[in-house]
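> Model the following, please.
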Amino acid sequence: MTRIIKTVLWGALILAPSVTYAQGQPPIQSAQDATCRQEATRRVMSDARGLDPYALGRQIWTQCMSRMSRAERAHRQVRRAKHVRRIHRQARRRTR
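Residues are numbered from 1 along each chain as shown. Just a heads-up that it's a prediction; the model follows:
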């Protein structure tokens, strides 16, 4: 009985990644990627334009990824500016 359970579990462990690979999608790389995939899936299912669902999903995913990366870049620039201002402030205090 235990041997059968182990065989089934190992089979599931091997089959799960192969099913994802068979769908033609690469594995999820980041939380941003997962969020954009979910958004693309939701919007493809609710879209009634009659376009190819794979092409539409790819387009939505690309837009989401670029939007997220722009927001992340802007956040980094703000953090960098604050860091530079703090360093300049500290340097001015030392020279007084």
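> Low-confidence bits of the protein, can you list those?
Residue ranges of the chain with pLDDT under 70: 1, 8-24, 48, 96.
> Name the nearest residue to the residue most central in space within it, ignoring sequence neighbours.
In the chain, the C-alpha closest to the average C-alpha coordinate belongs to Asp33, at a distance of 1.5 Å (CA atoms, centre = their mean). The shortest distance from Asp33 to any non-neighbouring residue, by CB to CB, 6 or more residues apart in numbering, is to Met65 (7.3 Å). For the C-beta atoms, the positions are set from N, CA and C on the backbone; glycine is no exception.
> pretty sure the one you found is touching Cys36, no?
Yes - the pair Met65 and Cys36 passes the contact test of CB atoms under 8 Å, sitting 5.3 Å apart.
> which one of those two has more residues nearby?
When Met65 is set against Cys36 and neighbours are counted by other CB atoms under 10 Å, the residue ahead is Cys36, at 21 against 17.
> Burial check on the closest residue to the more buried one other than its chain neighbours, number of neighbours?
In space, Cys36 comes closest to Cys64 once its chain neighbours are excluded; the distance is 3.7 Å by CB to CB, 6+ apart. Cys64 has 19 neighbours, counted by other CB under 10 Å.
> gap between Cys64 and Leu56?
The gap separating Cys64 from Leu56 is 13 Å, by CB to CB, to the nearest Å.
> just how off-centre is stretch 69-80 within its chain?
Per CA atoms, centre = their mean, to the nearest Å, the displacement of stretch 69-80 from the mean C-alpha position of its chain is 17 Å.
> go on, stretch 53-69?
11 Å.
> now do stretch 89-96
On the basis of CA atoms, centre = their mean, stretch 89-96 is displaced by 42 Å from the centre of the chain it belongs to.
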